[in-house]
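Trainee: Build me a model:
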Amino acid sequence: MRWEQGRAAVEGMLGRGELEKVAASRAQADELLQQAGKHVATARMALESDPIGAYQLLYDAARKSLAAVLENQGLRASSRGGHIAVYEAVVAQLDPPLGRSLRPFDRMRRRRNEAEYPRLGSPRFSTEDVRADIPKVEAIMEIAAKVIDQMQPF
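Mentor: Numbers count the residues shown, from 1 in each chain. Just a heads-up that it's a prediction; the model follows:
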């Protein structure tokens, strides 16, 4: 059975080159979820000594979790679509009802960009930034693991 929610949005993203079709791979999706779990574990260990690095790992865990959903469907963000395409494609398909739980990703994406491309005077990262977002990333990981089995190749 085809997953219909968000189909028009995803087809539009494919048409604009923001997403591309690839071979659907549950194995690749599982690998991304495993990497995400390792990233969160490493972020926990590094949050005191390297909050910026920990935050980047935390963000990557969330991104890879969302990318896992797409990989299982045979979809991948293109260089044109980038990280935002991963988020938009998954949200289109899962909101409602799961948008509220996925929403922290976009804020984290913007915050992570501040670490990658810092500006003088931009807010510093703290251990509390990392601690506050760990449960949000874990929720995204849980959602991804849960919906993968329900969403067929696109």
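Trainee: Next, the contact list for the most centrally placed residue in the chain, please.
Mentor: When Cα atoms, centre = their mean is applied to the chain, the residue found nearest the centroid is residue 63 (2.3 Å). For residue 63, the contacting residues are 83, 86, 105, 109, by Cβ atoms under 8 Å, 6 or more residues apart in numbering. Heads up, the C-betas are built off the backbone N, CA and C, glycines and all.
Trainee: Also residue 59?
Mentor: Counting by Cβ under 8 Å, 6+ apart, residue 59 has contacts 108, 109, 111, 112, 137.
Trainee: Check which residues of the helix or strand hosting the fourth one are buried.
Mentor: Residue 112 belongs to helix 104-116 when assigned by DSSP states H and E. Burial within helix 104-116, assessed by neighbour count using 16 or more other Cβ atoms under 10 Å, is assigned to 104, 105, 108, 109, 111, 112, 115.
Trainee: Isn't the fourth one up against residue 88?
Mentor: No. Between residue 109 and residue 88 there is no contact, the gap being 10.9 Å when judged by Cβ atoms under 8 Å.
Trainee: what's the weakest-modelled helix or strand in the chain?
Mentor: The helix or strand of the chain with the lowest confidence, counting by mean pLDDT, DSSP states H and E, is helix 104-116 at a mean of 92.
Trainee: Can you name every helix or strand that the following helix or strand past that helix contacts?
Mentor: Downstream of helix 104-116, the next assigned helix or strand under DSSP H and E is helix 127-147. When contacts are defined as 3 or more Cβ pairs under 8 Å, 6 or more residues apart in numbering; DSSP states H and E, helix 127-147 sits against helix 26-46, helix 51-73, helix 99-102, helix 104-116.
Trainee: and residue 91, how many residues sit next to it?
Mentor: Using other Cβ atoms under 10 Å, residue 91 has 18 neighbouring residues.
Trainee: give me every residue that touches it.
Mentor: Per Cβ under 8 Å, 6+ apart, neighbours of residue 91: 6, 99, 102, 103.
Trainee: Weed out the non-buried ones from those residues.
Mentor: For the contacts of residue 91, buried by 16+ other Cβ under 10 Å: 6, 102.
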